[in-house]
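using only what follows, build the 3D model:
(chains A and B)
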Amino acid sequence: MNRGASLVLLLLLVAVGVTAVSPRPRESYAQGTQIYVDIYGAGKKKINIAIPDFTVVAGADTTGLAKSLAQVSGADLKFTGVFAVVAGEGAIPANNPEALKKSWTDFAAAGAHAGLHGLLAIRGERLEAEMRLYDLTSTEQKLIGSKTFSMAVSQPRRLAHKIADEVMLQFTGEAGVADTKLAFSSGRTGAKEIAVADYDGFNPATVTKNGSINLTPVWSPDARSLAYTSYKAGYPDLYRLFPFEKRPEQTLAAFSGINSSPAWSPDGQTLALTLSKDGNPEIYVLTLATGTLRRLTRHAAIDTDPAWSPTGRQIAFVSNRAGAPHVFVMDAEGANVRQITSGPAQTQPRWSPKGDAIAYTSREGNFDIWLIGSDGSNPRRLTAGPGDNEAPTWSPNGRHLAFQASRLGGWQIFTMLADGSEQAPITRGTGERTSPSWSPRLP
Amino acid sequence: MAVAFGIRRQVRVGPALHITPLPVAGLTLSALGHVAFIALLVLAVNTLKEHESKTYIVNLVPAVAALGNPRGTTSIPAPPTPPVARPPQPTPTPPAKTPPPVREVAPAPRELPPRELPPRQSSRSLSLPERSLPTRAPMAVASRAEQKELPTVASSVTPPPPSMPSTPAPRSPAAVTTPTAPPPPPPATAGQLTGSPLGLDPITADVSNFPYAWYVAAVVRKVRERWDTSAIPGQQPTVMFDIGRNGQVNPGSVKVEASSGNIGYDRLAARSIVDAAPFPELPSDFKGPTVTFHMRFNFGRN
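Okay, here's the model as predicted:
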């Protein structure tokens, strides 16, 4: 008995000892590299980056790539909301450290915090570019990092996008989204095709040509395929196409009634979707490999428009079970349903890539894009007229949203920063563009 | 099993304590012994630790703090001033190196920066370039720059190094702006600020062994993006956290080091770190496994 008691005491003491000791080494193991910083006020002060024309180090630049690449990378960096671009004229001569230093010193005097020097080699069908990033806030003008990219000569803009994404990575720890695509529905009433364009609206191309109505394209997580709704067989059915491959289209769901609002699970193995085959619209999950269907909602009201959380553990959806349409969240198995939004009417929930927020469309008079914490906290409005703003889609790094806006007349695709600032159209012209989907980063 | 059994038996016997004398002396002895042992352990760890951290203190204010006008005049005078940058520092921090453990170091330097911040700005923009870094790692920097500079250029240029100067010429647009001379293209017209004329904000930083102002600025910038300042003035929690080589923050390392007195603000500050992560990878020529930030949030100030 006594031995038992003292053993307990011993164990207790050891436990206390361990907990008392272990946190201390944790704090001290940092080995002397301690940084004390005071910060004042939130905000988004920009990093001023100097981007002189690229320096051609091999081949003949007959098409002005040295200048245009610098401009495209500059536009990409400006778009991030993190950088402001300090423009310069001309290129820094190759292999001339003095000229480089002089140039950076001048840029620093003009307010640049960082310098991007591109070295371009044009070799037949290939473009090679090395980007070097300098810190202009120190007199040593240290090299922060460098990286080399290679690209087919037919895709110069993509080369510039990759450079911009690398700059973003160096300064924020997360790559940019310049090397991504936007898919959307494009056309006039009665005929809408699926189109794909660069994230900045360049290089648009239609990827369906069936002359019917094709709607709501959604990128798969591997960025290789699009799920979309098409009326080409006379009914709203779900299909999957591969825009970058010569691969036949697949039929995902063609049940009687509505087949709509596809949403890829983060692992790409399953698809949440809305089917009305059992009476009224309900949410199902389709396992792609086996074709098995699992029903998630059972309610006399309409349940539609599912959106996965980035962990794949939860699904947001729209239901009018409380009267007007509102955003609800449930477990991926369909349990634990709770209402997230309230007010007149909310639809089109889209979970942010970091999982902390849900963007949605709210109708209070006009339609506008709103943002709310994924726990239902702090709803805030991101757009405010003129016209309507609908169908938000997140950039893969969660810094931007694309959406459709009617402020120019017909529907066009716009982008904005996730705080609602810097709204700008990326498509223009005749015809309408709707329901954008922002691709993951391209492989 | 035996342990549990022992407890229960003891409990049941409890009331009889007066009659059956438990070996209390033995127990307390053993307890005391263990306590002493653990105290020794803690002491040992502490004393060992004291040798580890050396703290130098450098005050950072970014290069173009006063970039109100596109022609950031403030940062031009940078080169000659570095010596001046030093004097202010010694005064706030009597000894340059303070050995004591992290906990104790933290409060001392943190009280100083805010006080000296305003005067420094008004007197003269103490800008990043003026940080007296050169003394710290001048050779390392130079050699690294060379390393990066030479091999890479060589690789892409090896065959035609002499022809380099001539290559810029054919470029149609640049050729116009710089008619004949390849060497001096940008300098004169160099910078026109097309974007926001804002410089980075004043940051005050005490840095040891980490001469990478751009990195500190990048971290601060990313935290500020995520920091909700809608708060009453005067709240100043300090949050410490470790950034690993890959730029990730171990959520377990995020701790409120000094409370603001209001748990809500403490949490807001700590959450802004977690939300802002990941940060850039640590500079490649910095060799440590982690960097520890002690970030004091000044709510309600600008």
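
now the terminal residues of stretch A:93-100, how far apart.
Its start and end residues considered, stretch A:93-100 measures 8 Å (C-alpha to C-alpha, to the nearest Å).

could you see whether chain B lies near that stretch?
Yes - using C-beta under 8 Å from any C-beta of the partner chain, we find that stretch A:93-100 touches chain B at A:93-97, A:99. Heads up, the C-betas are built off the backbone N, CA and C, glycines and all.

now, which of those sits nearest chain B?
Each of the residues of stretch A:93-100 next to chain B was scored against chain B by C-beta to the nearest C-beta, and A:Ala94 proved nearest at 4.1 Å.

that closest one sits in which helix or strand?
Of the helices and strands defined by DSSP states H and E, none includes A:Ala94.

and it, backbone torsions?
Phi and psi for A:Ala94, reported as degrees, to the nearest 10, are phi -70, psi 150.

so which bits of stretch A:287-294 are buried?
For stretch A:287-294, the neighbour count (16 or more other C-beta atoms under 10 Å in any protein chain shown) marks A:Leu288 as buried.

how much space separates A:Phe202 from chain B?
Using C-beta to the nearest C-beta, to the nearest Å, we find A:Phe202 at a distance of 20 Å from chain B.

check A:Thr430 too.
Note on A:Thr430: its distance to chain B, by C-beta to the nearest C-beta, is 31 Å.

hmm, who's touching stretch B:237-249?
When contacts are taken as C-beta atoms under 8 Å, 6 or more residues apart in numbering or on different chains, the neighbours of stretch B:237-249 outside the stretch itself are A:27, A:30, A:173, B:102, B:106, B:110, B:219, B:250, B:253-260, B:265-266, B:269-270, B:273-274, B:277-282, B:289-297.

out of the residues of stretch A:93-100 next to chain B, which end up buried?
Here, 16+ other C-beta under 10 Å leaves A:93-96, A:99 buried among the residues of stretch A:93-100 next to chain B.

quick check: the gap between A:Ala178 and A:Tyr199.
Between A:Ala178 and A:Tyr199 the distance, using C-beta to C-beta, to the nearest Å, works out to 6 Å.

overlap in contacts, these two.
Between them, A:Ala178 and A:Tyr199 share these contacting residues under C-beta under 8 Å, 6+ apart: A:His161.

contacting residues for the closest residue to A:Arg313 other than its chain neighbours?
The spatial neighbour of A:Arg313 that comes closest, neighbours along the chain excluded (C-beta to C-beta, 6 or more residues apart in numbering or on different chains), is A:Ala332 at 5.6 Å. Neighbouring residues of A:Ala332 by C-beta under 8 Å, 6+ apart: A:265, A:285, A:308, A:312-315.

same thing with A:Pro262?
Counting by C-beta under 8 Å, 6+ apart, A:Pro262 touches A:216, A:218, A:227-229, A:238, A:252, A:271-273.

one step back: show only the entries of the contacts of stretch B:237-249 found in strands.
Those of these mapping onto strands are B:255-258, B:290-297, per DSSP state E.

which parts of stretch A:436-443 are buried?
A:436-442.

distance between the ends of that stretch?
For stretch A:436-443, the first and last residues are 20 Å from each other (C-alpha to C-alpha).

mean confidence score for that stretch?
Over the span of stretch A:436-443, the pLDDT mean works out to 95.

next: stretch A:203-218.
Here stretch A:203-218 scores 94 as its mean pLDDT.

alpha carbons of that stretch, as PDB, please.
Extracted C-alpha coordinates of stretch A:203-218, given in PDB (Å, rounded to 0.1, in the frame of the first residue of the first chain):
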ATOM      1  CA  ASN A 203      -5.800  34.500 -74.500                       C
ATOM      2  CA  PRO A 204      -9.500  33.700 -74.300                       C
ATOM      3  CA  ALA A 205     -10.600  30.500 -76.000                       C
ATOM      4  CA  THR A 206     -13.900  28.600 -76.100                       C
ATOM      5  CA  VAL A 207     -13.700  25.100 -75.100                       C
ATOM      6  CA  THR A 208     -17.200  23.900 -75.900                       C
ATOM      7  CA  LYS A 209     -18.800  24.200 -79.400                       C
ATOM      8  CA  ASN A 210     -22.200  22.600 -79.100                       C
ATOM      9  CA  GLY A 211     -24.300  25.700 -79.800                       C
ATOM     10  CA  SER A 212     -26.500  25.000 -76.700                       C
ATOM     11  CA  ILE A 213     -26.500  26.600 -73.300                       C
ATOM     12  CA  ASN A 214     -23.400  25.700 -71.200                       C
ATOM     13  CA  LEU A 215     -23.200  27.000 -67.700                       C
ATOM     14  CA  THR A 216     -21.300  27.100 -64.400                       C
ATOM     15  CA  PRO A 217     -17.900  25.600 -65.300                       C
ATOM     16  CA  VAL A 218     -15.900  24.500 -62.200                       C
END
